[in-house]
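1. How does the following fold in three dimensions:
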Amino acid sequence: MTNDPNWKLPAVPTFLLSSSDFDDHGLLPEWARGSAAGIDWQAAD
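-> You can find the predicted model right below:
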């Protein structure tokens, strides 16, 4: 038997999260990218 870590989570209503700053399935704007993690976002495209 496997241990399901989500078994205690309550059922919640479905919701939609949207923003005028981001396009659905679009690239994340430069200003919103974390450069402190050392990620090369140019190579990630």
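2. what's the offset of stretch 11-21 from the middle of its chain?
-> Centroid separation for stretch 11-21 versus its chain: 12 Å, with Cα atoms, centre = their mean, to the nearest Å.
3. Look at that stretch and report the distance between its end residues.
-> From its first residue to its last, stretch 11-21 covers 29 Å (Cα to Cα, to the nearest Å).
4. Name the surrounding residues that touch that stretch.
-> Here stretch 11-21 makes contact (Cβ atoms under 8 Å, 6 or more residues apart in numbering) with 24, 29, 32. Every C-beta, even on glycine, is put in place using the N, C-alpha and C of the backbone.
5. swap the cut-off to 10 Å and go again
-> With contacts defined as Cβ atoms under 10 Å, 6 or more residues apart in numbering, stretch 11-21 is touched by 24, 28, 29, 31, 32.
6. what's the neighbour count on the third one?
-> The local packing count at residue 29 equals 10, with neighbours defined by other Cβ atoms under 10 Å.
7. give me every residue that touches it.
-> Per Cβ under 10 Å, 6+ apart, neighbours of residue 29: 21, 22, 23.
8. and the second one, what does it touch?
-> In this case it means residue 22. Neighbour list for residue 22: 28, 29, 32 [criterion: Cβ under 10 Å, 6+ apart].
9. mind showing which ranges of this protein have poor pLDDT?
-> Along the chain, segments meeting pLDDT under 70 span 1, 34-45.
10. same thing but at 90, please
-> 1-8, 11-12, 15-45 (pLDDT under 90).
11. What segments of it are helices?
-> Here the chain has no helices by DSSP state H.
12. Save the contacts of residue 22 as a markdown table, and put in distance to residue 3 too.
-> Putting these into a markdown table (distance: Cβ to Cβ, whole Å) gives the following:
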| residue | distance to residue 3 |
| --- | --- |
| 28 | 34 |
| 29 | 39 |
| 32 | 36 |
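13. Show me where this structure has its strands.
-> Using DSSP state E, no strands are found in the chain.
14. returning to what we had before: quick one: which of the contacts of stretch 11-21 has the most company?
-> Top of the contacts of stretch 11-21 by neighbour count (other Cβ under 10 Å): residue 28, with 13 neighbours.
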